[in-house]
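**Q** need a 3D model of the following:
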Amino acid sequence: MNKLFKNYDIVMEFANSTIEGRRVANKEQIQMCQRFMKDLDNTDYVFNPKDPEFVIQVIESTFVHQKGESIEGYPLRGTPFLLQPWQKFVIYNLLGFFHADKEGNQSKLRRFKESFCLLPRKQGKSPFMSALSWGLALLERKSSAEIIIVGEKLKQAMQSFNFLLFNLRNMGEDKNFRVLDNNQEHSISGDLADGYLRIETIAGNSDKMDSLNTLIQILDELHLYKSASHYNTIKESGKAYRNSLCIGITTAGDNPNSFCYNRMKYCQKILDGTVKDEQYFVFIAKADEDEDGDVDYTNPIEHEKANVNYNVSVSAQELMNDALQAQNDPQQRKSFLAKSLNIYTSSMNTYFNIEEFRASDKKYNWSLEELAKLPVDWYGGCDLAKLHDLCGSSLYGTYKDVDIAITHAFFPRPAAYQKADEDNIPLFGWLDDGHLTMTNSAVIDHQEIVRWFKKMREMGFNIKQVGFDPKFGREFFLNMKREKFRVEDTPQLHYLKSEGFRRIESKAKEGKFYYLHSDAYEYCLQNVKAVEKTDDAIQYEKVMPTQRIDLFDASVFSSMQMLKNLAKSGTASKWLGGS
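**A** Residues are numbered from 1 along each chain as shown. Alright, predicted model coming up:
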């Protein structure tokens, strides 16, 4: 096969050297290469490099660089746009696999319909996507290929269009196509001898979004996308085509509750085999993190893992200089981790380091049934501030110096689809994982939350007391009393909540906090914004109005109840500073 296809050996060497450790790569790159090699032997697919070779040769024989310098400092403008091995690997995957028909022969249907590529800055993502759009347009011309390149902002989208137009003029082909480049439209279209192509670049907020009918969608900088619906609107424009392809490409951001972050976590599950999604191609280049979520960001090996164009478009020395600056100037660290090493970082406004909580939580693996049998006194808490929105309940206890928070969310089903979309809350994932109950009424029925506490008591949890502020739900307060729960009036005052907040923070830092691997609780943790007062008390709220912290709030209430009872019994004197 290598005699027929000149890039075959390059792609195979990229995959084999990655797997064998001869090429520096992060965990996800190793997994994706293992997946590629495994797929070559999968009889469900037929691998044919003909189309990938066509696209690669179109790009390398017709495209040139528009700007930039080589790693040695020589100008690149006008020099051939030669693809790197990782780029050829991407094209071979996207275009090389076809579904096998009943006889085991190649069908017309390509395997991959969707792609997620996570790459740091300065890897040549935008020029590569522009060049790829041209190659794909020529490849799919017989299907009258319409390709759209979407940037969240028009200025961002125009980078791809300008590179495309520059090369069209460089080829002398701009007179043979209809080029529109004005305030209304930025597109290139034209009839070919045996087909038609059209490539358009638009901003993600364009009025055209709902009327698109495209074969291939290229979405740049996914970390800026506000919600899944934004992404899906573009992707679904290809539903009329059997071989549609949606390519998402991005750099890491600073919002771990964003659509892009959740998509990255989903794609990581595809690579490690916990989720099966055969139509999804994944390429993730990033630094590796240790068990505590930390990155050795001054290590050149981690720099090379993340930067697939290491010493090609990005200099090893410059990366090291930036790393040392990030080490000496903490305000530069988040940007370096996110943009140069592709590590998702929390927003500067968030209080907690979520990786500390995850590292602590990973140490323990008790199930609900096992926890119910432990000799633990459990203390409850509730956050029912808005019954037409997310509400949270919690049980909190300590076992062998490990604090345990069992939380559960409640949300009215009629508003769930709208809020999950508008506010980007993964409600239905929480529902599937058992961390959320959806009520059929427009508001949360207090009785649903009472039933949750009753269910936990029936499982065997020894619930000593539940803390609640009656002004946020007198009915709930009375119903809990009727069910023989001991409910204590607990005002929501920041100086009272500070003690519970500090307890959770301290236990997480010690690695002695467990929350049953709840994604819903992690979501709330990552939305907490806190201000430290002069008396060492802490006042907290959510970072943005569209976010939720209800489960964390409930755990703070329940932690407060436990601490008050420990103080009364004298067993908390050590933690509280007593002798």
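
**Q** what's the closest non-adjacent residue to residue 127?
**A** Across the structure, with C-beta to C-beta, 6 or more residues apart in numbering as the measure, the residue nearest residue 127 apart from its sequence neighbours is residue 163 (5.3 Å). Just so you know, the C-beta spots here come from the backbone N, C-alpha and C atoms, and that holds for glycine as well.

**Q** hang on, the one you found is in a helix, isn't it?
**A** Yes: if the criterion is DSSP: H, G, I helix; E, B strand; the rest coil, then residue 163 is within a helix.

**Q** for it, what are its contacts?
**A** By C-beta atoms under 8 Å, 6 or more residues apart in numbering, residue 163 lies in contact with 66, 126-127, 130-131.

**Q** which of the residues you listed lies closest to residue 253?
**A** Within these, distances to residue 253 taken as C-beta to C-beta reach their minimum at residue 126, with 16.9 Å.

**Q** which pLDDT value belongs to the closest one?
**A** According to the per-residue confidence, residue 126 scores 86 in pLDDT.

**Q** mind telling me what element it is part of?
**A** Residue 126 belongs to helix 125-139 when elements are defined using DSSP states H and E.

**Q** now do that helix: distance to the chain's middle.
**A** Mean C-alpha position of helix 125-139 versus that of the full chain (C-alpha atoms, centre = their mean, to the nearest Å) differs by 25 Å.

**Q** if you rank the contacts of residue 163 by neighbours, which is first?
**A** The most crowded member of the contacts of residue 163 is residue 130, carrying 27 neighbours; neighbours defined as other C-beta atoms under 10 Å.

**Q** and that one, how close does it get to residue 334?
**A** Distance, residue 130 to residue 334, by C-beta to C-beta, to the nearest Å: 29 Å.

**Q** could you do residue 297 as well?
**A** When C-beta to C-beta is the yardstick, residue 297 and residue 334 sit 11 Å from each other.

**Q** so which residues of the stretch 451-579 of the chain form strands?
**A** With DSSP state E, counting those that start in this stretch applied, the stretch 451-579 of the chain shows strands at 462-468, 487-489, 513-514, 528-532, 538-542, listed in chain order.

**Q** give me the secondary structure label for residue 183.
**A** Using three-state DSSP, the three-state assignment for residue 183 comes out as coil.

**Q** what residues does the helix holding residue 126 touch?
**A** Counting by C-beta under 8 Å, 6+ apart, helix 125-139 makes contact with 51, 54-56, 58-59, 62-63, 65-66, 81, 83, 87, 91, 95, 117, 119, 145, 147, 149, 159-161, 163-164, 167, 192, 197-199, 216, 218, 220, 245, 247, 249, 251, all of which sit outside it.

**Q** so of the residues you listed, which ones are in helices?
**A** Using DSSP state H to define helices, the subset of those located there is 51, 54-56, 58-59, 62, 87, 91, 95, 159-161, 163-164, 167.

**Q** pull the most distant pair out of those.
**A** With distance counted by C-beta to C-beta, no two of the ones in helices among the contacts of helix 125-139 lie farther apart than 51 and 159, which are 26.5 Å apart.

**Q** enumerate every residue touching the closest residue to residue 485 other than its chain neighbours.
**A** Take residue 485 and drop its neighbours on the chain: the residue closest to it by C-beta to C-beta, 6+ apart is residue 466, 5.4 Å away. Contact criterion C-beta under 8 Å, 6+ apart gives 379-382, 453, 480, 485-488, 558, 561 as the residues in contact with residue 466.

**Q** what about the strands in the stretch 1-150 of the chain?
**A** When assigned using DSSP E, counting those that start in this stretch, the strands of the stretch 1-150 of the chain occupy the ranges 45-47, 97-100, 106-110, 114-118, 145-151.

**Q** list the neighbouring strands of the fourth one plus their orientation.
**A** Strand 114-118 has the following strand partners under DSSP bridges: strand 245-250 (parallel), strand 280-284 (parallel).

**Q** cool, the first one as well?
**A** When pairing is defined by DSSP bridges, strand 45-47 lines up against strand 97-100 (antiparallel).

**Q** the partner strand - what's its average pLDDT?
**A** Throughout strand 97-100, pLDDT has a mean value of 95.

**Q** check which residues of that strand are buried.
**A** Buried residues in strand 97-100, defined by neighbour count with 16 or more other C-beta atoms under 10 Å: 97-98, 100.

**Q** pick the one among the residues you listed closest to residue 328.
**A** Within the set of those, residue 97 lies nearest residue 328; the separation is 47.0 Å, counting by C-beta to C-beta.

**Q** give the closest residue to residue 445 in space, chain neighbours not counted.
**A** Computed as C-beta to C-beta, 6+ apart, the closest residue to residue 445 that is not its neighbour in sequence is residue 439, at 5.5 Å.

**Q** please spell out which residues along the strand or helix carrying residue 264 are buried.
**A** The secondary structure element spanning residue 264 is helix 259-272 (assigned by DSSP H and E). Of the residues in helix 259-272, those buried by neighbour count under the rule 16+ other C-beta under 10 Å are 259-264, 267-268, 270-271.

**Q** do the same with stretch 354-369
**A** If you call a residue buried by 16+ other C-beta under 10 Å, then stretch 354-369 has these buried ones: 354-361, 364, 366.

**Q** out of those, who's nearest residue 339?
**A** Using C-beta to C-beta, residue 355 is the member of the buried residues of stretch 354-369 that lies nearest residue 339, at 18.4 Å.

**Q** which non-adjacent residue is nearest that closest one?
**A** Excluding its sequence neighbours, the residue lying closest to residue 355 (C-beta to C-beta, 6+ apart) is residue 293, at 2.6 Å.

**Q** report the contact partners of that neighbour.
**A** Contacts for residue 293 were tallied using C-beta under 8 Å, 6+ apart; they are 353-356, 358-359.

**Q** show me what contacts the closest residue to residue 507 other than its chain neighbours?
**A** The spatially closest residue to residue 507, leaving aside those adjacent along the chain, is residue 513, at 4.0 Å (C-beta to C-beta, 6+ apart). Contacts here follow C-beta under 8 Å, 6+ apart; on that basis residue 513 touches 357, 360-361, 402-405, 504, 507.

**Q** and of the strands of the stretch 451-579 of the chain, who's closest to residue 110?
**A** Put simply, out of the strands of the stretch 451-579 of the chain the one that sits nearest residue 110 is strand 538-542, at 43.3 Å, with distance taken as C-beta to C-beta.

**Q** what bridges to residue 513?
**A** Under DSSP bridges, the beta-bridge partners of residue 513 are residue 403.

**Q** distance check, it against residue 199.
**A** Applying C-beta to C-beta to residue 513 and residue 199 gives a distance of 52 Å.

**Q** cool, thanks, talk later.
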